[in-house]
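# quick one: sequence plus predicted model below, questions after.
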Amino acid sequence: MKGFRLRRGRAVAACAVLAVTLGGCSPLWRRPSPHYSPPAEPARSAAGKIFDKWCSDCHSTAEGPGSRALQRRYQGSLPAVLEQRSDLRPDYVKLVVRHGISFMPSFRKTEISDADLALLAAYLAPSQ
Ligand code: HEC
């Protein structure tokens, strides 16, 4: 009887230690330090984000299908990458986006709102 109580006492102590290590400590251990701040998002304007979402698959690099088509069209007389162009006019960008050109699809207002398109046009044609 005495031995049993002793063993039971040890078992309870062992459980308590286990509970503290697994349950009691781990949330504390996982809690981020108050000095931790998540890495800053790379600075990208609202218009840049719209461009990334809808246009970058074809236009962000020289290898994109849009850039390749523009490279063929202009033969290097204008940059193939849209973000490097300085000759684009906002109204032209809006027209192309709403109507499409060659195999570039048109984009509806439910995809890119007029307000977002205005941002996008100003982004691609900043000096106009
Ligand atoms: C599926 C690929 C694709 C996507 C997505 C795409 N484009 Fe294009 N884009 C093209 C192609 C291809 C051309 C060139 C057509 C041609 O041969 O004239 C083009 C041409 C253009 C032109 C005309 C440039 C010029 O010199 O005449 C503009 C402006 C343009 N795209 C803007 C955009 C914008 C803004 C977006 C995002 C909202 C976008 N494109 C998304 C494929 C794409």
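Arrived safely, thanks for sending. All of these numbers come straight from a predicted model, not from anything done at the bench. Residues are numbered from 1 along each chain as shown.
# quick one: residue 88 is in a strand?
No: counting by DSSP: H, G, I helix; E, B strand; the rest coil, residue 88 is not found in a strand; it is coil.
# can you give me the strands for the protein?
Along the chain, counting by DSSP state E, no stretch forms strands.
# around the ligand, pick out the residues from it.
54-55, 57-59, 65-66, 69-70, 73, 82, 88, 93, 96-97, 101-105, 107, 112, 120 (Cβ under 6 Å from any ligand atom). Every C-beta, even on glycine, is put in place using the N, C-alpha and C of the backbone.
# report pLDDT for residue 24.
Confidence at residue 24, expressed as pLDDT, is 53.
# isn't residue 91 right up against residue 121?
Yes: if you go by Cβ atoms under 8 Å, residue 91 and residue 121 touch, sitting 7.5 Å apart.
# how far away is residue 113 from the ligand?
As judged by Cβ to the nearest ligand atom, to the nearest Å, residue 113 and the ligand stand 12 Å apart.
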